[in-house]
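>>> Pasting the sequence and the predicted model now:
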Amino acid sequence: MFENSLIAVVIFALVIGAAVFAQEGAGSDQPAKQPEVKSETPSPAPELPSVDEIVNKANLMAYYQGADGKAKVKMTITDKKGQARLREFVILRKDIKDGGDQNYYVYFQKPADVRKMVFMVHKHTDPATDDDRWLYLPGLDLVKRIAAGDKRTSFVGSDFLYEDVSGRSLAEDAHELTKTTDELFVIKNVPKAPESVEFSYYDVSIDRATFIPMKMEYYDRKGRLYQIIETEKIETIQDFPTVVKSVVLDLNTGSKTEMEFSDVQYDINLGDIFTERYLRRPPKEARR
Amino acid sequence: MRKTELKQVVTNLSVKHYKGVTILLVLFTLSLASLIPRIRVDTDPENMLSEDEPVRVFHNQTKDNFSLSDIVVVGIINEHNPNGVFNPASLGKIYELTEFARTLRWPDEENPDSQVGVVEVDLLAPSTVDHIGQGGPGVVKFEWLMARPPATDDEALEIKNKAMSNPLLKGTLVSEDGKAICLYLPLTSKDLSYKVYSELKRKIAEFAGDEEYHITGLPVAEDTFGVEMFIQMAVSAPLAMVVIFILMLLFFRKLVLVISPMIVALVSVISTMGLLIGFGYPVHIMSSMIPIFLMPIAVVDSVHILSEFFDRYKPEKGRKDTILEVMGNLFAPMLYTSLTSAAGFASLALTPIPPVQVFGVFVAVGIMIAWLCTITFVPAYVMMIKEESLANFGSASVHEHKQGRLGRILSFAGRFTSARAKTILVLILVISASAVYGITRIQINDNPVKWFSKRHPIRRADIELNKHFGGTYMAYLVLEAADAEPKVEHEYLDGLRKQWLQKGKAITADFPDSPNLTAEVEKLLLDNASADKTRRQFLNEFIALAQQKSNEAENADRIHEADAWYEVAGFFEMEIERLKLFKQPNILEYVGNLQQHLKSTGVVGKSNSVANVVKKVYQELTDGREENFKIPVSSAAVAQCLLQFQSSHNPDDLWHLVTYDYDRANIWIQLTSGDNKDMEKVVKAVDEFFAANPPPARLKHDWAGLTYINTVWQDKMVAGMLQSFMGSFIIVFIMMAILFRSALWGIVCMIPLLVTIAVIYGVIGLVGKDYDMPVAVLSALTLGMAVDFAIHFLQRSRTSFARTGSWKASAQKMFGEPAVAICRNVAVIAIGFLPLLAAPLVPYKTVGIFLCAIMALSGLVTLTALPAILTVLEKRLFKPAAAPKSATCNCGLCFVVSAAAVVLLALNLNQYTVSGWSKLLVFSIIAIPVMALICGIMSRRQACKVLENKEENDNV
């Protein structure tokens, strides 16, 4: 069961942008290898976990629950005038290694004219290896590989970025525990290569009980808050605390994207479906 | 005789209580001047149209629908490097400038939570746009065009190649010759343009190197014009005053005396501006010209007084008696010239352009203030001068030397005009005829950028950037479905049924368990169709139905059936997407063709639309070859290309070109010229295209964008100005006819004005100068000035004729002091406003040249045409004794005046009604005879008879 334990990840990955955590080779039941990040905060009280423990745990909660999983996603993009656009897709995920590489398969259902479009990712947590991405466009009957210059492009026109889906490597930021409340750890994350991203840093508030990231706040180069990602609703599914609703708010454009997850299932024993062959003929788990 | 009393009362009062009059005047001026600090400035030419003007409403709606902003354009050109701007140094600076531009945001004063300034997400620069290209065989690549400044020449050239491969960027972001790059900085509000402009200039000053930097765009031009206009006001108006002052000093040689017209000018300008601001009107481009217009008019009357005072003053006569005599002679002409000028300007209130209305009304008020000031203060001022200060003053002491030359020329002119009257008239007729020809060739055109002189940085930026790029002038052509909610007509149902039969077949092939599905749904389609339902409604009913069936089947564990119905729902969902016009390949093809047609106008340098986006993405998703830069065949393919476009760094760029519902599309058009005539050419080209190529679905189109708005207010301005000019012409004529108690005299009085205006506008037509906003407004000034001279000349000719009894003798007199006064006025104002020619703003130059031309011409025409006419028509004009009687007693006069009034009324009604001319014509046809009848009755009434009898008795 554990071996198969997987799910919320996908969802969560989408929502929270793995910002905080990818980690090489760490099993979920084993303490993660210490990342090279050094905390600058004074050592927390003895009963508190270290910064690294927090970010690693949160990473696993966000992206690696269960061994595989499925969710139906309803995405609503609302602009500042209140006009909404809708997307619906099914997302399938399978971990190669907990905390390490994993595969995603995103099957679009709505709008009707992008139905059957597929977006597939082989995610690699090794910073030296780019993710592999594929696209299947049924309207053109075309399979295409995508080479992306970077991971901070929009995910299908929403306020979520590709990196929010595939996860931001833990190694890319320096982490610092800036605040501890009764419920939350607040981690400040400063990019090590600031010119490669549009933010100067971001704060993640992590629930102390579940280690689910509850809120992420991005600050621009002038130090002004411009984007907030928030977990709005958590349900326990198959014993996994699972984010079932999250929202991104772009303060610059006034745009908002809401994601609602339904039909969430973990450990569904996905077969070897993450190949080009399955792009044109989606697996049954993806349909409906 | 009441009038005589009035003038005596006024003059005596001012002469007697000169101190009180002066104190009152000072208090009056100061109290109004105290309002000036409340000044609000409005330099937005958009406000030439009232806010609810349809074109402005649509413009704002369009900006809102497509999240468009007014744009500042920054161009960087490198002509020295063989690779143009595509070298590490130039691109490095461009990167830095972009980073700087991002930060040009400030807290909103009205709403501290939000920020105003550059709209960062919509900023277009090499480092903020995406490159879509081939990443190897079978691989498509999305990346920043310039994620960071290149380190080597090769990297720089790679950026160039990428940019050139993208038709969305080529000609917009990068020039086709590779020499230049443009940054487009959208602003939250265009009134921040000057602030952004200044900040950018400051930053650019830090850069060294081969690059040239240019900043332009209509918002910058308009906002900068506003700022510089006020600087000009502070320089030009006082400078003109100084020159006028020096000239008057040369003429009258008495400093103390010459100060008085200056005071009159100051008082009228200050109090008028105070009033304008006090009433809460913002100072607009138009109203900022009030001082310049008011000054010559205010000075003219005082010059007449001083001129006559100068000629009549003799120490033994004394200042008091002289001024009383002068005022006696000049009171009536001054009143009438002021009234006519004021009426001329006041009639601008009938133009349907708010700033022009304000301008007209307040110039009129200013003229009357100047008149009041002249008749009260100038005599008072003369009284304040000590008699001994006037020693050596007056033509009596100067005459023999200097005055002689002008006097001799004028007396020669006097003799010449009488002797060669017919020749002069023929000559004037010939000139007028050629002027009329010139008028027919007038080009109506305007472009706010051209309000700057050619050496101004903004104008140079405009010239340079439009040489390299697709254009810095933006217009938006909005296309939308002609019927918002199409119904389920027979034709549609038929098409839908056919589609379904095809799809149904495919579904039953996949789900053999549901063999009757096709027929079942077809029957439902036919049963439920109704031409009352909208298509969307109808399709949604079927989606709901199919989903319900699918759920039922699923609950009953009939999985295959559930899947089949799921596919049915998918079919109808797809049909809903097919209702969205601007996702359909045929419509996008049409848009593409329209853009092609636009390009053929020669004015449109570049246009972008959702069609371009689809073509580019399709090209790169297939194999990147140029022949695949096209619209794919199915609407699903289009939708998928668009979704890919949204997977970029700037997904929202799409919504500048199409709305979420795909019912409306925006073609972003870049023009290399902001001339209204060029914009009009494009508008016409689009209309022609629609007429010649019916779109595949019913579309309507409309325009937005500053470049287009300018053409709309220009049209209004030209038509409005023409009508209000005709209106004021008639008003002035009516006033003249009443003043002279003769329609004929009224007509004669209008001749210098007519000739002057014809010649000036004729020359504009012949020379090829554009008829633009300043030129249009100046027609009102012509009216005021030209008629002034005519009134002075005619009124005094009549007075003189009454004394001498012969025109010949009178002419001799007329070419003495009155002609000299006119010449002095001409010189003072014509030369006084020449410094305006040095201004860097073209409208000021125009005003300067115009004032000079108007003064010179109207003076010349007055002094040649009028005496010639008086000579030729002496018998007719001077026959009736000049005894004034009620206007209503003269049947002919009454009729002419009434007819003119009717035309005037019709003219004004026409501006405000949609009824057009035909109804008004009927109205006039009825009204004029009625007026004639009333006039006839009036002139035969008892009072007139009595008057006539009395006159006869008197004559006897």
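Yep, it's here.

>>> Now do the phi/psi pair for the residue nearest to B:Ile305 when sequence neighbours are not counted.
Leaving out its chain neighbours, the residue that sits closest to B:Ile305 by CB to CB, 6 or more residues apart in numbering or on different chains is B:Val378, at 5.4 Å. Heads up, the C-betas are built off the backbone N, CA and C, glycines and all. Phi and psi for B:Val378, reported as degrees, to the nearest 10, are phi -60, psi -50.

>>> need the contact list for B:Val378.
B:Val378 makes contact with B:Ser260, B:Pro261, B:Val264, B:Ser302, B:Ile305, B:Leu306, according to CB atoms under 8 Å, 6 or more residues apart in numbering or on different chains.

>>> try A:Leu270
Contacts of A:Leu270 by CB under 8 Å, 6+ apart are A:Asp68, A:Lys70, A:Leu92, A:Lys94, A:Pro283, A:Glu285.

>>> Could you do B:Pro867 as well?
So B:Pro867 contacts B:Gly414, B:Thr417, B:Ser418, B:Ala421, B:Ala811, B:Met814, B:Phe815 (CB under 8 Å, 6+ apart).

>>> do you know how far the last one is from chain A?
If I follow you right, that is B:Phe815. 74 Å (CB to the nearest CB, to the nearest Å).

>>> ok, that residue touching B:Ser411?
Yes - between B:Phe815 and B:Ser411 there is a contact at 5.2 Å, judged by CB atoms under 8 Å.

>>> what about those two, which has more around it?
Set side by side, B:Phe815 and B:Ser411 show more neighbours around B:Phe815, with 23 against 15, by other CB atoms under 10 Å in any protein chain shown.

>>> For that one, give me its contacts.
Applying CB under 8 Å, 6+ apart, the residues near B:Phe815 are B:Leu410, B:Ser411, B:Ala413, B:Gly414, B:Leu863, B:Pro867.

>>> what are the phi and psi angles of it?
Main-chain torsions, B:Phe815, degrees, to the nearest 10: phi -80, psi 10.

>>> Give me the pLDDT for it.
Looking at B:Phe815, its pLDDT is 85.

>>> Pretty sure B:Val269 sits against B:Pro291.
Yes - using CB under 8 Å, B:Val269 makes contact with B:Pro291 at a distance of 4.6 Å.

>>> For chain A, which helix extends over the most residues?
helix A:51-63 (DSSP state H).

>>> Show me what secondary structure element comes after that one.
strand A:68-78 (DSSP states H and E).

>>> Let me know whether that next one sits next to chain B.
No - with CB under 8 Å from any CB of the partner chain as the measure, strand A:68-78 is seen stopping short of chain B, the closest distance being 8.9 Å.

>>> A strand includes A:Ile234, no?
Yes - counting by DSSP: H, G, I helix; E, B strand; the rest coil, A:Ile234 is located in a strand.

>>> Tell me the bridge partners for it.
A:Val243 (DSSP bridges).

>>> got a pLDDT number for whatever residue of the stretch 651-800 of chain B ends up closest to chain A?
As assessed by CB to the nearest CB, chain A sits closest to B:Pro651 within the stretch 651-800 of chain B, at 4.0 Å. The model reports B:Pro651 with a pLDDT of 88.

>>> does it really touch A:Gly157, like I thought?
Yes - under the criterion of CB under 8 Å, B:Pro651 makes contact with A:Gly157 at 4.3 Å.

>>> How about the backbone phi and psi for whatever residue of the stretch 151-288 of chain A ends up closest to chain B?
Going by CB to the nearest CB, chain B is nearest to A:Gly157 of the stretch 151-288 of chain A, at 3.0 Å. With angles defined as degrees, to the nearest 10, A:Gly157 sits at phi 80, psi 10.

>>> what do you get for B:Ala208?
phi -110, psi 160.

>>> Okay, it and B:Val85: tell me how far apart.
15 Å (CB to CB, to the nearest Å).
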